[in-house]
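Undergrad: Output the structure for:
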Amino acid sequence: MISTTDTISHRSAAARSSGFVPQAFRQRDARVVEHFILARRDRAPGTPGLRLSWSNWGFGTEPLAVTAERLARNGLRYIELHGNRYGADLGYRTSDVRTVLDANGMAVSGVCGMASAESEFASNLPHVRQRAIDYFRRQADFCREVGGTYLLVVPGAVGRPKAYDGNEFGRAVEAIRIVAEHFSNVGVKGAIEPIRPDETSLCHTFADARRLIAAIDHPGVAHINGDLYHMLAGEEHIGTAILGAGDVLLNLHMADTNRRALGGGLLDLDIVLMALYAINYEGRGYCTPEPLGAGSDPYSAMYEDPDPVALDALVSQTASTFFAREAFIMAATDDELRAAYSLTA
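TA: The predicted structure follows:
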């Protein structure tokens, strides 16, 4: 009988004799590196780097003033605000937001729209779709008032992975097209966010988002909001997906592979950052951590009492990791980068 070890040794010897072939993701890594090297050569000296923001709805009920102080202390200058204008008497007040952010030297990047089973574009109930239309109109107005540039749109409820029927796509297109007109009127860019199938019933990949955008066919909703955690489930390779998105990518939610702080999982953050530089993302889009932890219904996080110590550590580790890896790839030579992602054995 041939042992498992003997079989593996035999196969290894055969692979060596025919030449080493890197795994497909390694080949895609190398492609990203080459695109980054070319883009970096064209950058003018002193050009600002990537813009780090933060999506704050995962901080639960924490006051905005506490959140803003923490983010500013860790070197962030932008924030993506929870779209919490749930009604005329609910949510952030524009004057309060401006006062808090001005005091901390921060600005609004955009607003994160929320989609629940009670307010979603894909619902089979007309009054639920109307709620979503009204909700997103309010968020667009709020985004404009606080100086944000984008509003994230999810076509189906988060936490509802089972489809109602086969017509969700069409209903979502019809309803989103209605709010897209309002987005254009107020000067806010709508961005579709693909979410993994464990959490939503439709629009799981960048390709899905492009199909939705094409069907909506309106300049008010013409961009994509990526999310690294969802991209791990839906894309062949995060780096090449970013390259393929190009100017359509407007914002990128970030978390490590365990959906926690950057630097605490297996994510190759260098590849992500190099891909962003390769599409000239700096000065145009935002990198927005949203480390929510694992689970199929993350929306519960918005109602939790905050743990200041844990949140301090979450932001500190994420920001320091982001800035350190960005500095590394920008300082590394072409040869060092190619050696780190070499395709040779």
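Undergrad: Show me the strands in the chain, by range?
TA: Taking DSSP state E as the criterion, the chain carries its strands at 78-82, 107-112, 150-153, 189-192, 221-227, 249-254, 286-289.
Undergrad: I'd say Tyr286 and Gly110 touch.
TA: Yes. Using C-beta atoms under 8 Å, Tyr286 is in contact with Gly110, at 7.1 Å. All C-beta atoms are positioned from the backbone trio N, CA, C, and that covers glycine.
Undergrad: and the two? which has more neighbours close in?
TA: Neighbour count, other C-beta atoms under 10 Å: between Tyr286 and Gly110, Gly110 has more, with 29 against 24.
Undergrad: Dig out what the residue lying closest to the more buried one once chain neighbours are set aside forms beta bridges with.
TA: Closest residue to Gly110 apart from its sequence neighbours, by C-beta to C-beta, 6 or more residues apart in numbering: Tyr150 at 3.7 Å. Tyr150 forms beta bridges with Gly110, Lys189, as assigned by DSSP bridges.
Undergrad: how close does Tyr150 sit to Ile224?
TA: From Tyr150 across to Ile224, the span is 11 Å (C-beta to C-beta, to the nearest Å).
Undergrad: In the stretch 201-345 of the chain, what residue spans correspond to helices?
TA: All helices of the stretch 201-345 of the chain, identified by DSSP state H, counting those that start in this stretch, fall at 206-216, 228-234, 238-245, 269-278, 308-331, 334-340.
Undergrad: okay, those, which one's buried deepest?
TA: Highest mean neighbour count of the helices of the stretch 201-345 of the chain: helix 269-278, a mean of 24 (counted as mean count of other C-beta atoms under 10 Å).
Undergrad: follow-up on the earlier one: now do the shared contacts for Tyr150 and Ile224.
TA: Common neighbours of Tyr150 and Ile224, counting by C-beta atoms under 8 Å, 6 or more residues apart in numbering, are 191, 250.
Undergrad: okay, stretch 125-136 in PDB with CA atoms only?
TA: Presented in PDB, the C-alpha positions along stretch 125-136 are these (Å, rounded to 0.1, in the frame of the first residue of the first chain):
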ATOM      1  CA  LEU A 125     -45.600  45.200  -0.700                       C
ATOM      2  CA  PRO A 126     -46.200  48.600  -2.300                       C
ATOM      3  CA  HIS A 127     -46.400  50.500   1.000                       C
ATOM      4  CA  VAL A 128     -43.000  49.000   2.000                       C
ATOM      5  CA  ARG A 129     -41.500  50.200  -1.200                       C
ATOM      6  CA  GLN A 130     -43.000  53.700  -0.700                       C
ATOM      7  CA  ARG A 131     -41.400  53.800   2.800                       C
ATOM      8  CA  ALA A 132     -38.000  53.000   1.200                       C
ATOM      9  CA  ILE A 133     -38.500  55.800  -1.400                       C
ATOM     10  CA  ASP A 134     -39.500  58.300   1.300                       C
ATOM     11  CA  TYR A 135     -36.600  57.200   3.500                       C
ATOM     12  CA  PHE A 136     -34.000  57.600   0.900                       C
END
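Undergrad: So which residues lie in contact with that stretch, not counting its own?
TA: 83, 85-86, 113, 115, 117-121, 123, 151, 153, 171, 175, 178-179, 182.
Undergrad: Report the mean confidence score over it.
TA: The pLDDT scores in stretch 125-136 average 98.
Undergrad: Give me the buried positions along it.
TA: With burial defined by 16 or more other C-beta atoms under 10 Å, the residues of stretch 125-136 counted as buried are 128-129, 131-133, 135-136.
Undergrad: Closest one of the residues you listed to Ile271?
TA: Comparing the buried residues of stretch 125-136 against Ile271 with C-beta to C-beta places Phe136 closest, at 33.3 Å.
Undergrad: where's that closest one relative to Thr321, distance?
TA: From Phe136 to Thr321 the distance is 33 Å (C-beta to C-beta).
Undergrad: With Pro63 instead?
TA: From Pro63 to Thr321 the distance is 26 Å (C-beta to C-beta).
Undergrad: Tell me where the stretch 1-150 of the chain has helices.
TA: Using DSSP H, counting those that start in this stretch, the helices of the stretch 1-150 of the chain run over residues 4-17, 24-41, 64-73, 94-103, 126-145.
Undergrad: Show residues contacting the second one.
TA: Same thing as helix 24-41. Helix 24-41 is contacted from outside by 236-237, 239-240, 243, 268, 271, 274-275, 277-280, 329-330, 334, 337-338, 341-343, using C-beta under 8 Å, 6+ apart.
Undergrad: repeat that with 6 Å
TA: 237, 239-240, 271, 274-275, 277-278, 334, 337, 341, 343 (C-beta atoms under 6 Å, 6 or more residues apart in numbering).
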